[in-house]
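>>> Here you go, sequence then predicted model.
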Amino acid sequence: MDSAGDALNGGYAVSQVELGRRGFRRSQQIKSVITSIVSTIVLAVIIIVGLELSPGWSHVKETFFSPEYFVKSLPDVAKGLWLNVRVLVVAVIGVALMSTLLALIRTSRTPILFPLRALVAIYTTVMRGVPIIVVLYLIGFGIPGLGLFGRIDPSILGTIAVVMGYSAYVSEVLRAGFNDVHPSQRASARSLGLTSGQTTRMVVIPQALRSVAPALMNDFISMQKDVGLISVLGAVDAVRAAQIDVASTYNFTPYVVASILFILLSVPFIVLNDWYSDRLRKRELSGGTV
């Protein structure tokens, strides 16, 4: 039995001091878990009791959390959410392409591209200073007002506005990632015979993406919510479907339905972002390569 225990510990007997430390750590972990559970239960009880004691809780519960209207509005809001998902997929692709192009222009040092660098700098400054809902109004009502393209679907105009707005934010994140790549990486790639374009594509961009991935995921999560603003242009997405149901029933539960669906849509990416950020942090603390 002793030899088996020694083998499990790499051939060395575990001292009583180490066993005591392990037992202490286990007891601390158990105590931490119990404390977390108890504190969560206490907080939940306080919230529930506080709501039940509120004079208007019964009215609020019926107005915002009605099971009847929840079931009735769920199909319409879910159908509208499908439009949000389609807009999001197209917007992600558009933002990825446009922001990468803007970031490459901003980080270039070629004198001939100076006018483009100046234009991109002005563009990113202006677009980051204008609220996204204002961009939606300007694009959604400005482009049709030109009378050049006939009638354009509001979801298309909303997608264009989202791409234009978020490309400015994401391009600055990418630019920071590009500048964070050490110049020696570029020099090494060029010394191996890679062209400037190959160096950027095969060396700079992959390293930059790894370093700014958490920030990019946060922008993506934010964009998931903001695609719901296309409803201001008349597109029947989840938010507009909820508004229509509220206008016909005078009950605000459909807004809660839309909120829950947006949360369910974003939770996987939030969890992925937290996991990846924690993974990067652990690698940096351990001195590993990212």
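Received the coordinates, thanks. Numbering: from 1, shown residues only.
>>> For the stretch 101-250 of the chain, which segments count as helices?
114-129, 132-146, 154-180, 183-191, 196-199, 205-226, 238-249 (DSSP state H, counting those that start in this stretch).
>>> Which one of those helices lies nearest to F269?
helix 205-226 (5.5 Å; Cβ to Cβ). For the C-beta atoms, the positions are set from N, CA and C on the backbone; glycine is no exception.
>>> Please point out which parts of that closest one sit buried.
205, 207-208, 212-221, 223-224, 226 (16 or more other Cβ atoms under 10 Å).
>>> quick one: it to helix 132-146, angle?
Computed with axes from the mean of the first three to the mean of the last three Cα atoms, to 10 degrees, the direction of helix 205-226 lies at 80 degrees from that of helix 132-146.
>>> tell me what helix 205-226 is packed against?
Other helices and strands packing on helix 205-226, by 3 or more Cβ pairs under 8 Å, 6 or more residues apart in numbering; DSSP states H and E, are helix 67-107, helix 154-180, helix 253-286.
>>> which residues make contact with stretch 216-232 from outside it?
84, 87-88, 91-92, 95, 132-133, 136-137, 140, 154-155, 158-159, 161-162, 165-166, 169-170, 173-174, 209, 237-240, 243, 258, 262, 265-266, 269-270, 272-273, 276 (Cβ atoms under 8 Å, 6 or more residues apart in numbering).
>>> any idea of the mean pLDDT in that stretch?
Across stretch 216-232, pLDDT averages out at 88.
>>> and D153, backbone torsions?
With angles defined as degrees, to the nearest 10, D153 sits at phi -60, psi 130.
>>> OK, contacts around it?
Counted by Cβ under 8 Å, 6+ apart, D153 has contacts A235.
>>> Just the CA trace of stretch 186-195, in CSV.
Output in CSV follows, covering the C-alpha atoms of stretch 186-195 (Å, rounded to 0.1, in the frame of the first residue of the first chain):
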residue,chain,number,x,y,z
ARG,A,186,8.2,41.9,-39.5
ALA,A,187,11.9,42.1,-39.9
SER,A,188,12.3,38.4,-39.4
ALA,A,189,9.6,37.6,-41.9
ARG,A,190,11.1,39.9,-44.5
SER,A,191,14.5,38.3,-43.9
LEU,A,192,13.0,34.9,-44.8
GLY,A,193,11.9,36.2,-48.2
LEU,A,194,8.3,37.1,-47.5
THR,A,195,6.9,40.1,-49.2
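>>> circling back: so which of the helices of the stretch 101-250 of the chain comes closest to S15?
Comparing the helices of the stretch 101-250 of the chain by Cβ to Cβ, helix 205-226 comes nearest, at 41.3 Å.
>>> tell me the angle the closest one makes with helix 253-286.
160 degrees.
>>> picking that back up, any of the contacts of stretch 216-232 buried? List them.
84, 87-88, 91-92, 95, 132, 136, 140, 154-155, 158-159, 161-162, 165-166, 169-170, 173-174, 237-240, 243, 258, 262, 265-266, 273.
>>> Contact partners for L102?
Here L102 is in contact with V120, Y123, T124, S167, A168, S171, R175 (criterion: Cβ under 8 Å, 6+ apart).
>>> need the helices of the stretch 101-250 of the chain in JSON lines with distance to R22, can you?
JSON lines is the format used below for those (distance: least, Cβ to Cβ, whole Å):
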{"stretch": "helix 114-129", "distance to R22": "52"}
{"stretch": "helix 132-146", "distance to R22": "53"}
{"stretch": "helix 154-180", "distance to R22": "41"}
{"stretch": "helix 183-191", "distance to R22": "43"}
{"stretch": "helix 196-199", "distance to R22": "50"}
{"stretch": "helix 205-226", "distance to R22": "34"}
{"stretch": "helix 238-249", "distance to R22": "51"}
